[in-house]
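Novice: I'd like to go over a predicted model; first the sequence, then the structure.
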Amino acid sequence: MLKSLIVFLASLPWVISCQISTPKPVGSLGEPLFQIEKTGRWGFINQKGAEVIEPIFRNVGLFTDSLAPARLNGTWGFINLKGQFVIHPVFDYAERFSEGYALVWTNGKPGFIDEKGRNQWNLPDSIVEINGFERGQAKFTAVQNDQRLDFILNRDGNIGPDEHIEYSEGLAVIAREVPSEDDEGTIIEYAVRDSAGKMVVPFGRYTEIEPFKNGFAEISINGMDPDDYKIGFINRTGVLKFILPKGSFVFDNYFSEEKLGVTAQLDPESNGWSSSETYIVWYDTTGKAVFVKNDDHDATPFKNGRTFSGEIRNWYLMDKNGNQVGNHRFKWVADDDFSDNLAIVAKYNEDDPLPEIDLYGIIDSMGNYVVEPRFNAVHEALFQPEGLLVAINEPLRKEHQSPKFKPIKQFWGLIDREGNWLFQPKLTRVSPEGFKNGLLYAEIDSLYGYINPAGTFVWSAIREKNPAQPELLNIDFMLRAYCYAHAYGFVSDWVKNSNNAQPRAHAKGFAKNEFGIYVNAKEQTTISGQFRGITAYVYNTKQDTFSIDVQDNRLYIVAQALNSRGEWQDIEYNPSSWCGNSYYDIKLAPDEFWKFEIPVYDGDLPTMLRLKFDWTKRWTNDCEETKTIYSNTFPGKVNPGQFWRKQGHSPSNLMDPYVD
């Protein structure tokens, strides 16, 4: 049931208690170090796989200037290359050093320390987002008068408004927020400044300016008439070189090999793109249209004299004169790579433009296959010095085929640029970063560790399944809500752990004539076969059926803990979704209940916990009221970071609508 928890299994510092011993001596200064995790504790190895810092920490960050953030128990400090704390662990959370300063949090408030651990500057209490130092500045967002405003902190401790500077090719594109002419809001003004501080383009000349690339920057101009919208390009000295015709849209807003691909409307006077067919026009650096592709709707930037043109799922290779190169069409192309005049593609099947299984291969600059399409996946890092990571699916079995679909297992291997195996497919999981400093984090089922380009593990460990003693959950962040449920009788082959409502709530001994939530701390369970849990119930012993708001079948239930001030505070949260289809309601009928597994937390702070359940009560006249009920309290332990820190979330695909 604890779906959110399962997602984190391979990346979080799940811990069990173990004896702390003296760290081993570290290797030579300056060698790359790699994070390792063993039985829930973290340490470091060198490139040869030797453990240079014994895995005794609950979590660690990366080394910068011979210091790394680390958490031994509930709070963070900084260790040296011998694994010794040189800045005491007193912080809720800590990030790695950047430009001589590290971002740390105490009681949920951010601050900066130097390499001696000394606090730097006094930051506003209203900060809601903050980043480490980059180019001598740290950006943060604070709330003032109910408004979110952006600021920058420089190394002298001075704070000013954030001008949202984007650096590229020695030039800075600046975007600042200023009051509008009617004083009823704000507008964004753009300018360009060179490395000497000279203003190349003053504020107000253009409505918007994109970062420079290959010597040019896209600009836009809005006239008095809303329809009088222009797109053009300026050079590095700020000179406007040309304006594109009306109805043009730059899909990759930069020149590549002195060519610019532009999507144009067949009828630029039409209202909106959906009401007009489009085609591609290619321009040179003077603004002259050099050739037109009437049947194409998209293209990639030129690299080594080649681009992919066409449309989604139907691409072809094109030269700089607009001619097709080779006879193949492609369903997918790696448009951000053309290494050594090679490109990774997926084949296009004219008989079935949407095949169930894609096959990937490699073509040369003449559009010929150097490696025939025979791989089921390619790694997102694409070509690396060590080679190209590719995956092969296990053979299809009957249960993999429609109508009952089962996930296909993939095995990753490494090939050279001619398609020869450097090591055969055997890895069941690989790091999204690919090889880093000569090693790749990889897994073969429960075996995990780092391998070299020969496919040999230089360090490995086995992840124990169903341990005899389930682990306590010792974390330093707010866990995403995990109580999923369905109505009684719900049937689906594609929803795992659907957790249907169960009948006979009265037989469980719940209070009569009540809609409530209850935690039975004595009813222990094991979550995902590894983590210690206890049982919670939502029950309905009333005579009414309750319609309960859910988000993708996740109930609005979160755990709370008493903080140091004796106040109840959330230590879990419900993520936000931008998709309206995520929100609906499910029903709990009379004498029904749901049963949930909730984690048992471990930490430095003994406290009391409870569950909070928000639900919406509706009446027939469309009125509604949000109600909050609480469970009974029970003892537990937490860490300071659980009261405030969200880890953040990056959507993995279009079907992932969550923003936090």
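Specialist: Perfect, thanks for sending it. Residues are numbered from 1 along each chain as shown.
Novice: how about low-confidence regions in the stretch 451-600 of the chain?
Specialist: Within the stretch 451-600 of the chain, the stretches with pLDDT under 70 are 489-498.
Novice: Do a quick rundown of the strands in it.
Specialist: For the stretch 451-600 of the chain, the strands defined by DSSP state E, counting those that start in this stretch occupy 457-462, 479-480, 502-503, 515-527, 531-540, 546-551, 554-555, 557-562, 568-570, 572-573, 583-588, 592-599.
Novice: Include mean neighbour count when you put those strands into TSV, please.
Specialist: (Each C-beta comes from the backbone N, C-alpha and C, glycine too.) Listed next are the strands of the stretch 451-600 of the chain as TSV, based on neighbours: other C-beta atoms under 10 Å:
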stretch	mean neighbour count
strand 457-462	16
strand 479-480	22
strand 502-503	15
strand 515-527	17
strand 531-540	22
strand 546-551	19
strand 554-555	22
strand 557-562	22
strand 568-570	16
strand 572-573	19
strand 583-588	16
strand 592-599	23
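Novice: And the ones you listed: which comes nearest residue 254?
Specialist: Taking C-beta to C-beta as the measure, the strands of the stretch 451-600 of the chain were each checked against residue 254, and strand 479-480 came out nearest at 37.7 Å.
Novice: Partner strands of that closest one, with direction?
Specialist: Within its sheet, and counting by DSSP bridges, strand 479-480 is paired with strand 572-573 (parallel).
Novice: Provide the contact partners of the partner strand at residue level.
Specialist: Outside strand 572-573, the residues within contact range by C-beta atoms under 8 Å, 6 or more residues apart in numbering are 478-482, 558-559, 646, 660.
Novice: what does stretch 255-269 give?
Specialist: Taking contacts as C-beta under 8 Å, 6+ apart, the residues outside stretch 255-269 that touch it are 213-216, 233, 244-252, 254, 273, 275-285, 290, 297-299, 301-303, 305, 307, 320.
Novice: and the closest residue to residue 424 other than its chain neighbours, how many neighbours does it have?
Specialist: Spatially, and ignoring its direct neighbours in sequence, residue 424 is nearest to residue 413 (5.2 Å; C-beta to C-beta, 6 or more residues apart in numbering). A count of nearby residues for residue 413, using other C-beta atoms under 10 Å, gives 20.
Novice: Could you pull up the residues touching residue 413?
Specialist: Under the criterion of C-beta under 8 Å, 6+ apart, the contact partners of residue 413 comprise 389-392, 421-427, 455.
Novice: Quick check on those residues: which are buried?
Specialist: When burial is judged by neighbour count using 16 or more other C-beta atoms under 10 Å, the buried members of the contacts of residue 413 are 389-392, 423, 425, 427, 455.
Novice: Now do the contacts for residue 502.
Specialist: Residues near residue 502 by C-beta under 8 Å, 6+ apart: 488, 592-595.
Novice: what's around the nearest residue to residue 358 once chain neighbours are set aside, how many residues?
Specialist: Sequence neighbours aside, residue 346 is the residue nearest to residue 358 in space, at 4.5 Å (criterion: C-beta to C-beta, 6+ apart). For residue 346, the count of nearby residues is 22 (other C-beta under 10 Å).
Novice: now do residue 211
Specialist: By other C-beta under 10 Å, the residues close to residue 211 number 17.
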